[in-house]
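Peer 1: How does the following fold in three dimensions:
(one chain, ligands or ions: 1)
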Amino acid sequence: MREHWARGLAGLTGVAIVLLSIAFAIVQNSGAPAPGRTRVALEAVPDEPPIARGRAVYREQSCSRCHSIAGEGNPRSPLDTVGDEYTRDELRQWIIAGDDIRLVLSQRVIDAKQPYARIPPGDLEALISFLAALRELE
Ligand code: HEC
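Peer 2: Here you go, the predicted model:
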């Protein structure tokens, strides 16, 4: 009997954790940028060759269907300061919906991001360099 209860309690705790992480993901992803998050001025992003190529890849792949930079694109998910927030490896994970971040993305978004894993490696690195250059302005 006691074992039965313990198992029930463990199950409930598991459900609570899952619900909390979903709530957290929703809060994290909700629309407007957090207060104090300044928008990046694209003109300030350097135009060295890999970054310029990355900017082109960003356009070619239509990332702005779901993302915005400097107010351009879908305002739901701004990328203005991702260079401050993530390492290159983390940016790669976000682009291709890698194993590390799958849990926080919906299946629809995972399906949309999956083809990015087939971006030629040089272009993917260039895209990462472009995103890494998106930083909050002083
Ligand atoms: C179908 C919609 C969709 C497309 C297309 C898409 N993404 Fe995303 N992306 C998302 C969602 C949803 C998230 C979850 C986090 C959020 O909402 O900011 C995300 C997260 C990210 C993040 C982390 C953002 C943060 O602030 O935590 C980066 C970086 C990113 N995507 C890059 C890209 C790039 C580059 C492309 C194009 C190659 C792209 N994404 C295409 C939907 C999309």
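Peer 1: Does residue 95 touch residue 123 like I think?
Peer 2: No. Residue 95 is beyond contact range of residue 123, at 10.9 Å (criterion: Cβ atoms under 8 Å). (Glycine included, C-beta is placed from N, CA and C.)
Peer 1: quick one, which of those two is more surrounded?
Peer 2: Using other Cβ atoms under 10 Å as the criterion, residue 95 and residue 123 rank with residue 95 on top: 20 against 17.
Peer 1: Please list all residues in contact with the more buried one.
Peer 2: When contacts are counted by Cβ atoms under 8 Å, 6 or more residues apart in numbering, residue 95 touches 113, 116, 119, 124, 127, 128, 131.
Peer 1: Can I take it that the fifth one is in a helix?
Peer 2: Yes. Inclusion of residue 127 in a helix is indicated when DSSP: H, G, I helix; E, B strand; the rest coil is applied.
Peer 1: Now the most centrally placed residue in the chain: closest residue in space, sequence neighbours ignored.
Peer 2: For the chain, residue 94 is the residue whose C-alpha lies nearest the centre (Cα atoms, centre = their mean; 4.5 Å). Distance criterion Cβ to Cβ, 6 or more residues apart in numbering; nearest residue to residue 94, sequence neighbours excluded, is residue 101 at 6.0 Å.
Peer 1: burial of the one you found, as a residue count?
Peer 2: 14.
Peer 1: Which residues of this protein lie near the ligand?
Peer 2: 29, 58, 61, 63, 65-67, 77, 79, 82, 91, 94-95, 105, 109, 112-113, 116, 127, 131 (Cβ under 6 Å from any ligand atom).
Peer 1: for this protein, what spans make up the helices?
Peer 2: Assigned by DSSP state H, the chain shows helices spanning 2-29, 49-60, 82-85, 88-96, 107-113, 121-132.
Peer 1: winner for burial among the ones you listed?
Peer 2: helix 121-132 (a mean of 19; mean count of other Cβ atoms under 10 Å).
Peer 1: where does the chain dip in pLDDT?
Peer 2: The chain contains residues with pLDDT under 70 at 1-3, 5, 9, 12, 14-44, 138.
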